[in-house]
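J.: what follows is a predicted protein model with its sequence.
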Number of protein chains: 2
Amino acid sequence: MIEPIPRIAAVPASTPFVGPETLARREGIADLVRLGANENAFGPSPRALDAMRAELERAAYYGDPESLLLREALAERHNCSPEHISIGAGIDDLQGLLVRSYLGEGTAVLTLGTYPTFMYHVVGYGGRAATVPYADDGSLQLDALAALAREPRPRLVYISNPDNPSGSYVKREALERFVDRLPEDTLLVLDEAYVDYLDETYFGDTVHPRIVRMRTFSKVYGMAGMRIGYVLAPPEAIATFQKIRLHFAVNRIAQAGARAALEDRSFVENVKRETARGRDEYHAIGRALGCATLPSCTNFVCFNLGTSARAEAMVQELLRRGIFVRKPGAPPLDGHIRVSVGAQRERARFAQAFEQGLDALRAAG
Amino acid sequence: MIEPIPRIAAVPASTPFVGPETLARREGIADLVRLGANENAFGPSPRALDAMRAELERAAYYGDPESLLLREALAERHNCSPEHISIGAGIDDLQGLLVRSYLGEGTAVLTLGTYPTFMYHVVGYGGRAATVPYADDGSLQLDALAALAREPRPRLVYISNPDNPSGSYVKREALERFVDRLPEDTLLVLDEAYVDYLDETYFGDTVHPRIVRMRTFSKVYGMAGMRIGYVLAPPEAIATFQKIRLHFAVNRIAQAGARAALEDRSFVENVKRETARGRDEYHAIGRALGCATLPSCTNFVCFNLGTSARAEAMVQELLRRGIFVRKPGAPPLDGHIRVSVGAQRERARFAQAFEQGLDALRAAG
């Protein structure tokens, strides 16, 4: 067999996320409860669904490679122009473009154990990463990140805000101070997949010459299966992505759904209310079972199992009971399981299985 | 603004295909007849549509990143194993993976003016291309391609078969002889987007250690808007793609639609019949209007306008009349327009506009 080029041959085999379908098949589970990928149990919006159903009639036709209508709608929403926006098949796609364009074999700075797909792209494009651990309370250590941004002089600094998997969140003022401390030749990547769950205006919709902001329709909009996200960035960065992006990456039905989803604000408000209710329920479950939870402003909550081994054992106990959750890899979060806010019935199934799982862990010593 | 890395900064701005939406907006046309992207006016299959409509109910959930069910269905169809198959968001996506993995800054050999997106990827990943022109009759010059495959010793040889935009087609025996003449360290890329329109078994479903075959659901299956295609390749190549591919690139609804589409053989047969009827009609139009057409085994036909300038003028005449077609860029095809087989009503509109366009061209001298 012919060998790939050395740069690609050197990339280790890795899979950022094993899919629940693979887990379900491995375990022989027909109706896995999916609480491991932070999907939105309350979505998508009925208006988005209607739009997508209607658009299926035109499934034989390529979607608009420029996503003109969607970019205009987003520009209006974010007080910028369509030249500040590029559409991709989810944030994963856009992060790949960004790493390919700006990092290459350079260095990125990020928190160890944060969103694995960013690191997957760094490695895949031959880059290196300098990482800092989470703080003891699961928050990001901005001072340490800012220090690394001066030396080794990275091209990219990556923050997931709100952070996944910790659920923590850097507020506007702290973020602004952080941006001011970054060197002028460093680009800040804000992965804002969960930003729509926040109540306040957060960081505004400012387009900053050194900030690239990633957004998605997979979370609050409940369209993870449709693969659509966008990036807000300086026009020069958008023009760079334009030179190398896959022009027909984004499904036509997804584009129609995203436009309709943007218009249904009351649906989004309802998702936020239901998600907050689910988070409260999870925190209450944790208190009732003597298992601490981390604060979260997202659609997931981390439960503290104490050690990485116990957290991993709990993932397996839950899987055996038909429930899919994930376990963060980096300390101190590696002693936690991360549980997405499901629908009420799913949360009830989780509560029951979690209690049984804790009993099983205790019995095993 | 921060600069991209030099390798990306060096990539020229280019767009492989300007979308019909952009053209329609530029011209102020509300109901453009799309005969320029070889979309399937008869698709998708009603069974695929039903499956996609049903799957929309699960749009909030990520699609299977391994596409297990679809890869199994394809493996059965092609007499290989799922380890020979990778799914992507269309052939464009898969060609990007291939060029990134195997070409890098190396050299590719291909026919000048064939599928532009392959060349877009070659340039985007810093590669070079050695090209041969089309033969006078619009067929591929395999001898010249084979000669280039010995020197400059390319990593990849690319053939679109059936070819786009010529509509010509290399038969099995000639293809086998060609493969035998390629150096052992050269990978042959067969872009088989239009292969499903062929009547015979063509090149079989053989998985060859030096051949990578690209297939799509965009053409005969009529699902261009869904963005889904696949590659048949040696397991080592699939494992390489696995290391760098976007794991969640493919829309969940598209996966469900593709599975259902594969099962509806009678729909495919019907598309082939209707497409053949449309091609015959186009050839008859050409004869009636004194405009030669190229033979085609695909869902498009090239009409000979004589010169590149006249062909370009015809594209504009047709656009002004609300009809979108494309013009190949490379000689001798650059004197042609390429017209997709539309539905009957679309073909009738084309026939009328084409006749008017020819009159206008004659009047203009």
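T.: Noted; the coordinates are in hand. Numbering: from 1, shown residues only, chains lettered A, B, ... in the order given.

J.: which residues does the closest residue to chain B within the stretch 251-365 of chain A contact?
T.: Per Cβ to the nearest Cβ, residue A:252 is where the stretch 251-365 of chain A lies closest to chain B, at 3.3 Å. For glycine as for every other residue, the C-beta is placed from the backbone atoms N, C-alpha and C. The neighbourhood of residue A:252, defined by Cβ atoms under 8 Å, 6 or more residues apart in numbering or on different chains, consists of A:55, A:58, A:59, A:61, A:62, A:63, A:64, B:225, B:226.

J.: and the stretch 201-350 of chain A, which residues reach chain B?
T.: Residues of the stretch 201-350 of chain A lying near chain B by Cβ under 8 Å from any Cβ of the partner chain: A:209-210, A:218, A:222-227, A:234, A:236-237, A:239-240, A:242-244, A:246-254, A:257.

J.: hmm, which of those residues are the buried ones?
T.: Restricting those to buried positions leaves A:210, A:218, A:222-227, A:234, A:237, A:240, A:242-244, A:246-254, A:257, with burial counted as 16 or more other Cβ atoms under 10 Å in any protein chain shown.

J.: can you give me how far stretch A:170-186 is from the chain middle?
T.: 21 Å (Cα atoms, centre = their mean, to the nearest Å).

J.: list the buried residues for it?
T.: Per 16+ other Cβ under 10 Å, stretch A:170-186 contains these buried residues: A:170, A:175, A:178, A:179, A:182, A:186.

J.: now the residues you listed in a markdown table, with pLDDT and distance to residue A:143?
T.: Listed next are the buried residues of stretch A:170-186 as a markdown table, based on pLDDT from 0 to 100; distance: Cβ to Cβ, whole Å:
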| residue | pLDDT | distance to residue A:143 |
| --- | --- | --- |
| A:170 | 92 | 12 |
| A:175 | 90 | 13 |
| A:178 | 94 | 9 |
| A:179 | 91 | 14 |
| A:182 | 93 | 13 |
| A:186 | 94 | 16 |
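
J.: hang on, the earlier thing: which one of the contacts of residue A:252 sits in the busiest neighbourhood?
T.: residue B:226 (33 neighbours; other Cβ atoms under 10 Å in any protein chain shown).

J.: that one reaches residue A:250, doesn't it?
T.: No. Using Cβ atoms under 8 Å as the test, residue B:226 is too far from residue A:250 to be in contact (10.8 Å).

J.: so the residue of the stretch 251-365 of chain A closest to chain B versus residue A:89, what's the distance?
T.: Distance, residue A:252 to residue A:89, using Cβ to Cβ, to the nearest Å: 12 Å.

J.: again with residue A:189
T.: Relative to residue A:89, residue A:189 is positioned 18 Å away (criterion: Cβ to Cβ).

J.: what do you get for residue A:245?
T.: 10 Å.

J.: likewise residue A:182?
T.: Using Cβ to Cβ, residue A:182 is found at 29 Å from residue A:89.

J.: now residue A:257
T.: Look at residue A:257 and residue A:89: by Cβ to Cβ, they are 13 Å apart.

J.: now for these two: what residues contact both?
T.: In contact with both residue A:257 and residue A:89: residue A:228, using Cβ under 8 Å, 6+ apart.

J.: for the stretch 1-150 of chain A, what spans make up the strands?
T.: Remark: strands assigned in the stretch 1-150 of chain A by DSSP state E, counting those that start in this stretch are A:33-34, A:85-88, A:107-111, A:128-132.

J.: same check on the stretch 151-300 of chain A?
T.: A:156-160, A:187-191, A:211-216, A:229-232, A:300-304.

J.: sorry, back to before: of the buried residues of stretch A:170-186, which is the nearest to chain B?
T.: Ranked by distance to chain B (Cβ to the nearest Cβ), these are led by residue A:186 at 7.4 Å.

J.: run through the residues that contact the closest one.
T.: Shown in contact with residue A:186 (Cβ under 8 Å, 6+ apart): A:149, A:153, A:154, A:155, A:156, A:157, A:210, B:2.

J.: kindly reformat the residues you listed as TSV containing distance to residue B:166.
T.: Output for the contacts of residue A:186, formatted as TSV (distance: Cβ to Cβ, whole Å):
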residue	distance to residue B:166
A:149	53
A:153	51
A:154	48
A:155	43
A:156	44
A:157	49
A:210	47
B:2	43
